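Asker: build me a model:
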Amino acid sequence: MNNTPLVLHLAHSRRSIEVAATKSLLDALLEAGIEVPHSCRMGICGTCETVVLDGVPDHRDRLLSAEERAAGLTMMLCCSRASTPSLTLDL
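Answerer: Numbering: from 1, shown residues only. Here you go, the predicted structure:
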(Lines give C-alpha, C1' and ligand atoms only; values in the text may rest on other atoms or scores of the structure.)
Protein backbone atom coordinates (compact mmCIF):
# COMPACT_ATOMS: atom_id res chain seq x y z
CA MET A 1 0.00 0.00 0.00
CA ASN A 2 1.30 3.40 -0.92
CA ASN A 3 1.24 6.21 1.55
CA THR A 4 0.65 9.69 0.21
CA PRO A 5 0.80 12.94 2.15
CA LEU A 6 -2.54 14.18 3.46
CA VAL A 7 -4.09 16.89 5.59
CA LEU A 8 -5.99 16.23 8.79
CA HIS A 9 -8.58 18.83 9.69
CA LEU A 10 -9.44 18.78 13.37
CA ALA A 11 -13.02 19.93 13.92
CA HIS A 12 -12.87 20.82 17.62
CA SER A 13 -9.47 22.45 17.76
CA ARG A 14 -9.92 24.07 14.32
CA ARG A 15 -6.42 23.07 13.30
CA SER A 16 -5.04 21.43 10.20
CA ILE A 17 -2.11 19.03 10.39
CA GLU A 18 -0.08 17.98 7.37
CA VAL A 19 0.87 14.31 7.51
CA ALA A 20 3.93 13.23 5.55
CA ALA A 21 3.87 9.97 3.62
CA THR A 22 6.42 8.58 6.07
CA LYS A 23 4.43 9.34 9.25
CA SER A 24 1.40 7.74 10.82
CA LEU A 25 -1.62 9.91 11.55
CA LEU A 26 -1.07 9.23 15.25
CA ASP A 27 2.58 10.34 15.15
CA ALA A 28 1.72 13.53 13.24
CA LEU A 29 -0.97 14.40 15.78
CA LEU A 30 1.29 13.72 18.77
CA GLU A 31 4.11 15.78 17.24
CA ALA A 32 1.63 18.65 16.78
CA GLY A 33 0.78 18.51 20.49
CA ILE A 34 -2.61 16.85 20.01
CA GLU A 35 -2.98 14.22 22.71
CA VAL A 36 -4.98 11.21 21.60
CA PRO A 37 -5.39 7.92 23.43
CA HIS A 38 -3.26 5.13 21.95
CA SER A 39 -1.68 1.85 22.93
CA CYS A 40 -0.75 -0.93 20.51
CA ARG A 41 0.16 1.10 17.37
CA MET A 42 -0.84 -1.93 15.28
CA GLY A 43 -4.59 -1.48 14.80
CA ILE A 44 -5.67 -4.29 17.08
CA CYS A 45 -6.68 -2.69 20.39
CA GLY A 46 -9.06 0.10 19.33
CA THR A 47 -7.69 2.65 21.80
CA CYS A 48 -7.04 5.25 19.09
CA GLU A 49 -10.40 4.80 17.32
CA THR A 50 -11.57 8.25 16.21
CA VAL A 51 -14.74 9.57 14.57
CA VAL A 52 -14.35 10.63 10.93
CA LEU A 53 -16.52 13.60 9.97
CA ASP A 54 -15.42 13.97 6.35
CA GLY A 55 -13.20 12.13 3.90
CA VAL A 56 -12.67 8.44 3.23
CA PRO A 57 -10.43 6.41 5.52
CA ASP A 58 -8.08 3.76 4.14
CA HIS A 59 -8.61 1.20 6.90
CA ARG A 60 -5.53 -0.83 7.77
CA ASP A 61 -6.57 -2.05 11.20
CA ARG A 62 -7.53 -5.58 12.17
CA LEU A 63 -10.38 -4.58 14.45
CA LEU A 64 -13.24 -3.02 12.47
CA SER A 65 -15.74 -5.26 10.69
CA ALA A 66 -16.32 -5.03 6.94
CA GLU A 67 -19.56 -3.16 7.65
CA GLU A 68 -17.83 -0.66 9.94
CA ARG A 69 -15.11 -0.08 7.36
CA ALA A 70 -17.65 0.47 4.60
CA ALA A 71 -19.54 2.98 6.75
CA GLY A 72 -16.31 4.96 7.29
CA LEU A 73 -17.56 6.56 10.49
CA THR A 74 -14.48 5.77 12.58
CA MET A 75 -10.86 4.82 12.01
CA MET A 76 -7.73 3.76 13.90
CA LEU A 77 -5.20 6.59 13.87
CA CYS A 78 -2.20 4.37 14.56
CA CYS A 79 -2.18 2.49 11.27
CA SER A 80 -4.85 3.73 8.85
CA ARG A 81 -4.48 6.44 6.22
CA ALA A 82 -6.88 8.21 3.84
CA SER A 83 -8.19 7.41 0.37
CA THR A 84 -8.89 11.13 -0.05
CA PRO A 85 -6.41 14.05 0.12
CA SER A 86 -7.78 15.05 3.53
CA LEU A 87 -9.79 13.82 6.47
CA THR A 88 -11.82 15.79 9.01
CA LEU A 89 -11.67 14.19 12.43
CA ASP A 90 -13.71 14.74 15.58
CA LEU A 91 -10.68 16.07 17.46
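Asker: centre-most residue in this protein?
Answerer: Leu77 (3.5 Å; Cα atoms, centre = their mean).
Asker: per-residue confidence for Asn2?
Answerer: As predicted, Asn2 sits at a pLDDT of 71.
Asker: in three-state terms, label it for me.
Answerer: coil (DSSP: H, G, I helix; E, B strand; the rest coil).
Asker: surely the residue nearest to the centre of the chain is in contact with Leu26?
Answerer: Yes: applying Cβ atoms under 8 Å as the test, Leu77 and Leu26 come out as touching, 4.3 Å apart. No exception for glycine: its C-beta is placed from N, CA and C like everyone else's.
Asker: any common contacting residues for the two?
Answerer: Residues touching both Leu77 and Leu26 by Cβ atoms under 8 Å, 6 or more residues apart in numbering: 36, 38, 48.
Asker: name the member of those residues with the most neighbours.
Answerer: Among the shared contacts of Leu77 and Leu26, the one with the most neighbours (other Cβ atoms under 10 Å) is Cys48, at 23 neighbours.
Asker: okay, and the residue of the chain positioned farthest from its centre sits in which element?
Answerer: Most distant residue from the mean C-alpha position of the chain: Glu67, 17.8 Å away (Cα atoms, centre = their mean). Using DSSP states H and E, Glu67 falls within helix 66-71.
Asker: got any ranges where the protein has weak pLDDT?
Answerer: Low-confidence segments of the chain, defined by pLDDT under 70: 1.
Asker: quick one on the thing from earlier: what about the residue nearest to the centre of the chain, distance to Ala28?
Answerer: Using Cβ to Cβ, to the nearest Å, Leu77 is found at 9 Å from Ala28.
Asker: for Glu49, same thing?
Answerer: Counting by Cβ to Cβ, the gap from Glu49 to Ala28 is 17 Å.
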